[in-house]
Each structure stands twice: as structure tokens, then as C-alpha cells.
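Q: next come a sequence and a model predicted from it.
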Amino acid sequence: MNVLHVVNGLDNLANGIAVAAKLLAGEQCARIADAKLLTTTDVKSVDEVWVHSCWIPQVWWACLRAIREHKRLVRMVHGNLDPLRLEYHGWKKRPVGPIERFFLRRADLIVATCE
């Protein structure tokens, strides 16, 4: 099975989510792409798309591309939905919550890293 991992800020060394995605992609012998540079051709050439993180428009765009191409969508939220994080800057998350829920409901699998 061909797998593509999509993460925002792939080249940022301080991005813990990108580090985790690189390690996971290495173990799965999968490809990895930056959400900002993702093309439709990248999505068409795989069977499954793993999208890492939440709350970011580039991440939603990657999810939308996977859904439109009828690829299996796996969301790995990396603890972004735990109650403490939701409280932190909650005023920012409330307006975009419906968009995030839209994509979470359409995911074939959600990999939760917290309760």
C-alpha cells in the first residue's frame, strides 16, 4: 500500500509534529510532503493519505484533496484535541471548530494521541 504523510512546516526543525511524521513515514517506508507544497498528483499516486495536525488551513486543504480523490484519509491529530489544548487560545478555535469537525467526520481513521 502506498502511503503519503502530509505535515505543515516540514522543514521547521522546531516542529515536533514534523519530526514525528518523519519517523512514522520512515518506519512505514512511506512518502512525506509539506502541506503547503502538496499537489493533486501527489495525492493521486497513493492509496492512503495521513494528514498530521489540526486547526490549520493548509491541513484542511490536504484533507480536501484526499477526499476529492477518494483516497483513504487518516488524521493524526497529535494531541491537538486534548481538553488543555482546546482551552488554550479557545477563542481562536471556536470559529474554526465546525470546519475541523467537518474534516474529522470524513476521515476514515483518526489516530488519537491523547484521551
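A: Sure thing, it's come through. Numbers count the residues shown, from 1 in each chain.
Q: for Val19, what are its contacts?
A: For Val19, no contacting residues are found, by CB atoms under 8 Å, 6 or more residues apart in numbering. For the C-beta atoms, the positions are set from N, CA and C on the backbone; glycine is no exception.
Q: for the biggest helix by length in the chain, give me every contacting residue.
A: Secondary structure of the chain read by DSSP state H shows that its longest helix is helix 90-106. Residues from elsewhere that reach helix 90-106 (CB under 8 Å, 6+ apart): Cys54, Trp55, Trp60, Cys63, Leu64, Ile67, Leu73, Arg75, Leu86, Ile110.
Q: same check, this time on stretch 48-68
A: Among residues not part of stretch 48-68, those counted as contacts by CB under 8 Å, 6+ apart are 1-8, 17-18, 20-21, 24, 30, 35-36, 38, 40, 43, 71-78, 80-81, 92-93, 96, 99-100, 103, 106-107, 111.
Q: buried subset of those?
A: Those of those that meet the buried threshold are 3-8, 17-18, 20-21, 24, 30, 35, 38, 43, 71, 73-78, 80-81, 93, 100, 103, 107, by 16 or more other CB atoms under 10 Å.
Q: out of those, which are inside strands?
A: Under the assignment DSSP state E, those contribute Val3, Leu4, His5, Val6, Val7, Leu73, Val74, Arg75, Met76 to strands.
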